[in-house]
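Colleague: For reference, the sequence and a predicted model appear below.
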2 protein chains.
Amino acid sequence: MGQLWDMRPLARKLGAFVALTDDELTVLDGLHKRRRTFVAGRELVHQGQSDRSAYVMISGWACSYKLLPDGQRQIVDFQIPGDFLGLRSILLHMSDHTIEPVTDIEVTEIHVSDLLDAFASAPRLATAVLWAASRDEAMVVEHLVDVGRRDAAQRMAHFLLELGSRLTLAGMGSRDGFACPLTQYLLADALGLSSVHVNRVLRQLREAGMVTFRDGQVTFQDHDRLAEFAEFDPTYLDQVGPLLT
Amino acid sequence: MGQLWDMRPLARKLGAFVALTDDELTVLDGLHKRRRTFVAGRELVHQGQSDRSAYVMISGWACSYKLLPDGQRQIVDFQIPGDFLGLRSILLHMSDHTIEPVTDIEVTEIHVSDLLDAFASAPRLATAVLWAASRDEAMVVEHLVDVGRRDAAQRMAHFLLELGSRLTLAGMGSRDGFACPLTQYLLADALGLSSVHVNRVLRQLREAGMVTFRDGQVTFQDHDRLAEFAEFDPTYLDQVGPLLT
């Protein structure tokens, strides 16, 4: 993967939905004006903050979460290259969550007015971003089902399979597995479990010969059986081909 | 509220985000071609179904849910007038959830190709729909936090306050309360509680003098205290004024 490819994680993602023309790609490239880096643990977007910029992830991992006044935390999702950070915040005029890098990350900053200008000059980009937002919402729905109705082992299995599918689409994983910087504490806050429980569930899945998470590497020992166990249907993540051609 | 107003629940909603021009309103009205009614309990969109139409609610209440193979159900959200039904499904080419009317409902059917044509001829509509989708996502995030981290009484309180705010924006509620056709079974499946637990929590909130839900009517006895108890911040629902003018 060359530098041009790395520069265009958003084009890669939106291109799955809309077959982008050269003009549209030029408009999209014009958005990538200001590249920034953030170190792990330093917040990009703070809950309650009103901001005018969103970001597109170029490299690294981040997480978005809500902090409750009693100190409890619910992780809503993790972000990987190609994902928007804080798009919902600029549209709603106010951030309803905090975004924090899990690893050091590189992002492109996008000002809301530039984004709206881009939509005006290349309207199909707005449709493509609407698709990307729908996909993000589908993931939050799955996390709601994880926490509300799946047992601990199933929700862990479903979550790792979802991450695997997303990373595969981003060129960072396969059916064999993926490199994963998430700690057991982060998994616990995403899945509504204690970290002790996370540890127990991971051992259970490993001993069942389905998936191993060790030394920053998730290895799908038996992807099909794990998917069956988790009742994982990746339809909401896969894009079979551009809807708009 | 006259008939014209009732015919335009979507224009009312999107108009909160984008100050719609006459041309844009005409395009939007052109989408409302086919009015349909569905009786309570008859599915509009079935999980796993691939469809080419979405709907906009004109009157009544619906709910969207995911059914797990073991028969458990997680209600993702309830829909009220002005809300889209199945928008995510047409964008993702596949429904990841089922939508069912809670009461008899009236909807307008919108074909995906008409929607995309509308975006092409009036690009700001795509931005407005993206805003509406972001607001829907913010609600799902709150439901995730409800189920993952709020205790039973707080999550019930938060949920009723959210419904109250949404209905107020739709002209169907106020700080005093709203008419509510939801059963305790529906509340239970939305909040990840048993219906016995729902009953107990509602009694607790009523005895605390904060909110009463009886005979199809939610009455906020003390809206401010309830909001404080639930740590309810309606920022994600309120639109202070059009972002695009």
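Modeller: Now that the structure is in, tell me what you want to look at. Numbering: from 1, shown residues only, chains lettered A, B, ... in the order given.

Colleague: Give me the helix or strand of chain A that scores worst on average pLDDT.
Modeller: helix A:3-7 (a mean of 47; mean pLDDT, DSSP states H and E).

Colleague: Which is the succeeding secondary structure element to it?
Modeller: Downstream of helix A:3-7, the next assigned helix or strand under DSSP states H and E is helix A:9-15.

Colleague: Which strands and helices lie in contact with that next one?
Modeller: Judged by 3 or more CB pairs under 8 Å, 6 or more residues apart in numbering or on different chains; DSSP states H and E, helix A:9-15 is in contact with helix A:22-31, strand A:53-59, helix A:123-149. Glycine gets a C-beta too; all of them are placed from N, C-alpha and C.

Colleague: nearest to residue A:228, of those?
Modeller: Evaluated with CB to CB, those place helix A:123-149 nearest to residue A:228, the distance being 16.7 Å.

Colleague: Any figure for the gap between residue A:170 and residue A:120?
Modeller: The spacing between residue A:170 and residue A:120, counted by CB to CB, to the nearest Å, is 28 Å.

Colleague: Make JSON lines out of the helices and strands packed on helix A:9-15 and add mean neighbour count, mean pLDDT and distance to chain B.
Modeller: Compiled in JSON lines, the helices and strands packed on helix A:9-15 are given as follows (neighbours: other CB atoms under 10 Å in any protein chain shown; pLDDT from 0 to 100; distance: least, CB to the nearest CB, whole Å):
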{"stretch": "helix A:22-31", "mean neighbour count": "15", "mean pLDDT": "89", "distance to chain B": "12"}
{"stretch": "strand A:53-59", "mean neighbour count": "22", "mean pLDDT": "89", "distance to chain B": "11"}
{"stretch": "helix A:123-149", "mean neighbour count": "24", "mean pLDDT": "89", "distance to chain B": "4"}
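
Colleague: List the residues that contact the residue nearest the centre of chain A.
Modeller: What sits nearest the mean C-alpha location of chain A, by CA atoms, centre = their mean, is residue A:79, with 3.2 Å. The contact partners of residue A:79, taken as CB atoms under 8 Å, 6 or more residues apart in numbering or on different chains, are A:57, A:61, A:62, A:63, A:64, A:85, A:99.

Colleague: at 6 Å instead, please
Modeller: A:57, A:62, A:85 (CB atoms under 6 Å, 6 or more residues apart in numbering or on different chains).

Colleague: And residue A:122, its phi and psi?
Modeller: Here is the backbone geometry of residue A:122 (degrees, to the nearest 10): phi -140, psi 80.

Colleague: I meant to write residue A:150 there.
Modeller: phi -100, psi 140.

Colleague: Now do it against chain B, distance only.
Modeller: From residue A:150 across to chain B, the span is 7 Å (CB to the nearest CB, to the nearest Å).

Colleague: Quick check, pLDDT for that residue.
Modeller: On pLDDT, residue A:150 comes in at 90.

Colleague: Check residue A:162 too.
Modeller: In this model, residue A:162 carries a pLDDT of 95.

Colleague: same question, residue A:51
Modeller: For residue A:51, the pLDDT comes out at 70.

Colleague: what's the burial count for it?
Modeller: For residue A:51, the count of nearby residues is 16 (other CB atoms under 10 Å in any protein chain shown).

Colleague: Mind telling me what element it is part of?
Modeller: Residue A:51 belongs to no helix or strand, assigned by DSSP H and E.

Colleague: Flag every residue of chain A that's near chain B.
Modeller: Counting by CB under 6 Å from any CB of the partner chain, the residues of chain A close to chain B are A:66, A:68-69, A:72, A:74, A:76, A:88, A:91-92, A:94, A:96, A:119-120, A:123, A:126-127, A:130-131, A:133-134, A:137-138, A:140-141, A:143-145, A:147-149, A:192, A:231, A:235-236.

Colleague: how long is stretch A:212-221 end to end?
Modeller: 7 Å (CA to CA, to the nearest Å).

Colleague: Also stretch A:75-93?
Modeller: One end of stretch A:75-93 to the other measures 21 Å (CA to CA).

Colleague: for it, what is the average pLDDT?
Modeller: In this model, stretch A:75-93 carries a mean pLDDT of 87.

Colleague: show me where chain A has helices.
Modeller: A:3-7, A:9-15, A:22-31, A:87-91, A:112-121, A:123-149, A:152-169, A:184-191, A:195-207, A:223-230 (DSSP state H).

Colleague: how much does the last one deviate in direction from helix A:152-169?
Modeller: For helix A:223-230 against helix A:152-169, the angle between stretch directions is 130 degrees (axes from the mean of the first three to the mean of the last three CA atoms, to 10 degrees).

Colleague: pLDDT on helix A:223-230, on average?
Modeller: 96.

Colleague: Put the alpha carbons of it into CSV.
Modeller: Extracted as CSV, the C-alpha positions of helix A:223-230 are listed here (Å, rounded to 0.1, in the frame of the first residue of the first chain):
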residue,chain,number,x,y,z
HIS,A,223,-13.9,-18.3,12.2
ASP,A,224,-16.9,-20.3,11.0
ARG,A,225,-17.6,-21.9,14.3
LEU,A,226,-17.1,-18.6,16.2
ALA,A,227,-19.5,-16.9,13.8
GLU,A,228,-22.1,-19.6,14.3
PHE,A,229,-21.7,-19.4,18.1
ALA,A,230,-22.1,-15.6,18.1
